[in-house]
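S.K.: Predicted model and sequence below, questions to follow.
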Amino acid sequence: MSAIVQGHAVNGLDAAAVRADFPILHQHVHGKPLAYLDNAATTQKPQCVIDAVQGYYAHDNANVHRGVHYLSEKATAAYEAARERMRAFINARSTCEIVFVRGATEAINLVAASYGRAHLKAGDEILITEMEHHSNIVPWQLLCEQVGCVLKVAPMDDHGDIIMEHFEQLLSGRTRLVAVAHLSNALGTVNPVKDIIDMAHRQGVPVLLDGAQATSHTRVDVQELDVDFYAISAHKMLGPTGIGALYAKRALLESMPPYQGGGDMIAMVSFDKTVYNELPFKFEAGTPHIAGAIGMGAAVDYLERIGLDKIEAHERELLDYATGLAESFEGLRIIGQARRKASILSFTLDKVHPHDLGTVLDRQGIAIRAGHHCAMPVMAHFGLPATVRASFALYNTFEEIDRLFEGLKLARDMFT
């Protein structure tokens, strides 16, 4: 693959045409055109998402579900339309299974605090993996401290694949919940989540998938997966920050107590008792991030318009191209070479600290991430303090990858 394809349709996706939809990409950083390769941290926003958020504040700003006036009715209709867009996007059975939250982190914390406290007790086990983001570790540790359950960790191999034999051994009669990343933010590993779900369900164990990294890179069908909980962050899928969704099967949500108390999650309040609202509102206390939900709905529309299949194929080409260059680059070590990967190339470069490398690349207009990526146990597995992570999205080009490796050569020459 060569950079000469830049600006032309590859696998049906015209990256140059897509880039025109993202105003932030048309700028220079330190005098160089911006090459934004930090998409695993947050994605950029197309103009239609920006317009949706601005349009709400400019024309429809009012609280939802509580007013009978025109603006409130418009805001409520737009807010609930966004819920329906998310339902259709992941193929949930009903909008009552879509709870708006601040992001995947809050979604996981909601499950830990509500489902976990209601259903787990001392001696029960939660099974996660060694490659999890901190957001899929710390909430379970907090739950363990609160109720006395035990956190078990399935190891991965040096390629970044879960060792499934060990996973199966750890899935015991004491396991009450499995929580696994769909796509690793630090390694790019796409985990065999359907196999994991089937394995857990054979023992009657529900499964939560951390889908923060997956939803903008591959099509997610929660019914086909038969997953019990799925956590989503809008800002990883071209939407606003501070908004996301928790998908959960209706029966599970009905069995769970409210996560927070306040307005909108109630049907009736007296000093004697409170009757909680119906799903999903039972879990949405207070004034929500209305503009964020509307922006998330616009992001879903945009992804659907481009086509997840085209996006996945384009990003696979980008990752294959970058991996090929990395494998032939002297002194570079790829961290994470799982059997199935998506969108992420993590690596180190001999004699150059990742933070120094990030600074050199920034001066070339190239935005990457250097650090532990909120996955310190992953770094510990590989004996590293940090890695450099280049992460790709639908608007990235082969030319930007060429520029990345030109910047790496410059850094190597500077430090060696």
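M.R.: Everything's here; your move.
S.K.: show me the contacts for Pro139.
M.R.: Residues in contact with Pro139 (Cβ atoms under 8 Å, 6 or more residues apart in numbering) are 108-109, 111-113. (C-beta placed from N, C-alpha, C; glycine too.)
S.K.: which residue is nearest the centroid of the protein?
M.R.: Closest to where the C-alpha atoms of the chain average out (Cα atoms, centre = their mean) is Ala212, at 1.3 Å.
S.K.: from what I can see that one touches His133, true?
M.R.: Yes. Ala212 is within contact range of His133, at 7.3 Å (criterion: Cβ atoms under 8 Å).
S.K.: Now do the same for Ala77: its pLDDT.
M.R.: Each residue has a pLDDT score; the one for Ala77 is 97.
S.K.: Which secondary structure element is home to it?
M.R.: Element membership for Ala77 (DSSP states H and E) is helix 70-90.
S.K.: Kindly report the same for Glu304.
M.R.: Counting by DSSP H and E, Glu304 is found in helix 290-306.
S.K.: and that helix, C-alpha only, in PDB?
M.R.: Only the C-alpha atoms of helix 290-306 are listed here, as PDB (Å, rounded to 0.1, in the frame of the first residue of the first chain):
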ATOM      1  CA  ILE A 290     -29.600  17.000  26.300                       C
ATOM      2  CA  ALA A 291     -27.300  18.700  23.700                       C
ATOM      3  CA  GLY A 292     -24.800  15.800  24.100                       C
ATOM      4  CA  ALA A 293     -27.500  13.200  23.400                       C
ATOM      5  CA  ILE A 294     -28.700  15.100  20.400                       C
ATOM      6  CA  GLY A 295     -25.100  15.400  19.100                       C
ATOM      7  CA  MET A 296     -24.600  11.600  19.700                       C
ATOM      8  CA  GLY A 297     -27.600  10.900  17.600                       C
ATOM      9  CA  ALA A 298     -26.100  13.100  14.800                       C
ATOM     10  CA  ALA A 299     -22.900  11.100  15.100                       C
ATOM     11  CA  VAL A 300     -24.700   7.800  14.800                       C
ATOM     12  CA  ASP A 301     -26.500   9.200  11.700                       C
ATOM     13  CA  TYR A 302     -23.100  10.200  10.200                       C
ATOM     14  CA  LEU A 303     -21.500   6.800  10.900                       C
ATOM     15  CA  GLU A 304     -24.400   5.100   9.300                       C
ATOM     16  CA  ARG A 305     -24.300   7.400   6.300                       C
ATOM     17  CA  ILE A 306     -20.700   6.600   5.700                       C
END
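S.K.: how deep is Glu330 tucked in, by neighbour count?
M.R.: Residues contacting Glu330 under the criterion other Cβ atoms under 10 Å number 9.
S.K.: so what's it closest to, chain neighbours aside?
M.R.: Arg412 (7.5 Å; Cβ to Cβ, 6 or more residues apart in numbering).
S.K.: residues contacting that neighbour?
M.R.: 330-331, 349-352.
S.K.: now with 10 Å?
M.R.: By Cβ atoms under 10 Å, 6 or more residues apart in numbering, the residues touching Arg412 are 329-332, 349-352, 357, 360.
S.K.: out of the residues you listed, who has the most neighbours?
M.R.: Leu357 (24 neighbours).
S.K.: Would you agree that one falls within a helix?
M.R.: Yes. Counting by DSSP: H, G, I helix; E, B strand; the rest coil, Leu357 falls inside a helix.
S.K.: pLDDT at it, what is it?
M.R.: 96.
S.K.: Quick check, it in contact with Lys409.
M.R.: No. Here Leu357 lies out of contact with Lys409, judged by Cβ atoms under 10 Å, at a distance of 11.5 Å.
S.K.: Common neighbours of the two, please.
M.R.: Taking Cβ under 10 Å, 6+ apart as the criterion, Leu357 and Lys409 do not both touch any residue.
S.K.: Are there helices or strands packed against whichever helix or strand comes after the helix holding Ala77, and which ones?
M.R.: Next along the chain after helix 70-90, taking DSSP H and E as the criterion, comes strand 98-101. Applying 3 or more Cβ pairs under 10 Å, 6 or more residues apart in numbering; DSSP states H and E, we find strand 98-101 packed against helix 70-90, helix 104-110, strand 229-233, strand 244-248, helix 290-306.
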